[in-house]
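> kindly return the folded structure for what I paste below:
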Amino acid sequence: MTLQLTGRVAIVTGAGAGLGREHAMLIAARGAKVVVNDPGGAVDGQGGDNSAADKVVAEIRQRGGDAVASYDSVADAQSAKRIIDTAVKNFGRLDILVNNAGILRDKSFAKMDLGDYRTVIDVHLMGAVHCSHAAWPLMTAQRYGRIVMTTSVAGTNGNFGQSNYGAAKMAVLGLMNCLAIEGRKNNILVNAISPGAVTRMTEALIPETIARYQGPHLVSPAVAWLCSERCAETATIIAASAGGFSRVQFFQTRSVQFDPAQPVTVEMFDQAYGEIADLATAKPSPLGFLSDAAERLKAIGKL
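Down below sits the predicted model:
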């Protein structure tokens with residue numbers, strides 16, 4: 001299994017600047033042919049400028065790589081399908097999809113316009129849905145695919161004024177988990193990056209004292225690895241910031257199991273809450289909706 005991407009075809013959405021640009025540049029440097037997608041809008045998603053994607057394509061080609069531009073928006077299903085079609089039309093296949101496109105429309109929840117709430121979800125969540133849905137049949141047919149979602153600490157940890165963005169970024173993890181289960185039999189691995197970097201979207205949010213260490217290029221090695229054949233992980237979240245990498249994992253405590261054939265009361269829950277909430281018993285949450293229910297019921301002789 002190789003770390004090189006020679007012979008692979010990749011799409012990186014939102015690749016005209018910042019994190020997406022660095023992902024596209026590194027993936028191309030590793031040998032993949034790349035569709036650089038970016039409609040060239042402002043941070044809030046308004047406007048458009050083809051030159052954003054064109055410049056990245058030109059840089060990749062100057063360095064000996066192969067790339068084409070796409071200016072379509074991920075927020076619309078038909079437009080997103082054209083992004084996927086661009087890969088097939090120009091390179092004959094699609095192996096890698098990096099769902100990186102995003103916008104910000106920050107305000108406190110009390111002051112946020114619900115139209116702005118919906119627009120952010122349309123780009124971050126539905127953009128990932130649209131592109132992944134259009135790519136899925138191609139990856140299924142060839143029994144190979146690597147999809148990378150982009151999540152955020154605004155979702156996993158929360159952040160003031162970003163309820164729309166945080167909600168969308170947590171939602172893509174639900175999408176990741178379900179697609180990881182569905183794609184595994186066809187060697188489609190679906191993972192996520194949780195980046196921390198100075199970009200035009202975040203430059204006002206990151207303190208100057210650490211901003212100089214927060215280059216977006218320091219995130220991309222993890223993305224390139226998740227796109228490679230060396231990656232055998234699925235439903236894995238990698239946090240990357242300032243040259244540091246870690247795995248983000250959801251945990252759950254050991255269950256307090258009552259007899260489900262007998263009454264279970266609020267008082268019983270209250271009395272057991274200390275044990276229920278004891279993080280000393282926590283272990284990684286298993287993938288799949290049944291979780292550990294069957295194991296718990298067997299332990300008390302119900303199965």
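> next up, the contacts around residue 149.
Residues near residue 149 by C-beta atoms under 8 Å, 6 or more residues apart in numbering: 99, 128, 172-173, 175-176, 190-193. In short, each C-beta sits where N, CA and C put it, glycine included.
> and what of residue 234?
Residues counted as contacts of residue 234 (C-beta under 8 Å, 6+ apart) are 180, 183-184, 189-191.
> please redo it, this time with the cut-off set to 10 Å
Shown in contact with residue 234 (C-beta atoms under 10 Å, 6 or more residues apart in numbering): 146-147, 176-177, 179-181, 183-184, 187-191, 226, 287.
> got the phi and psi for it?
Here is the backbone geometry of residue 234 (degrees, to the nearest 10): phi -150, psi 150.
> which residue packs closest to residue 282, ignoring adjacent ones?
Spatial nearest neighbour of residue 282, chain neighbours left out: residue 251 (4.1 Å); criterion: C-beta to C-beta, 6 or more residues apart in numbering.
> residues near that neighbour, how many?
10 (other C-beta atoms under 10 Å).
> swap in residue 222?
There are 21 residues near residue 222, going by other C-beta under 10 Å.
> swap in residue 29?
Neighbour tally, residue 29, other C-beta under 10 Å: 17.
> just the one 3 residues further on next, same as before
Here the number of neighbours of residue 32 (other C-beta under 10 Å) works out to 28.
> so what's it closest to, chain neighbours aside?
Nearest residue to residue 32, sequence neighbours excluded (C-beta to C-beta, 6+ apart): residue 5, at 3.8 Å.
> let's verify that neighbour: helix, strand, or coil?
Under DSSP: H, G, I helix; E, B strand; the rest coil, the three-state class of residue 5 is coil.
> separation between it and residue 77?
To residue 77, residue 5 is 28 Å away according to C-beta to C-beta, to the nearest Å.
> so the two - more neighbours on which side?
residue 5 (24 against 14).
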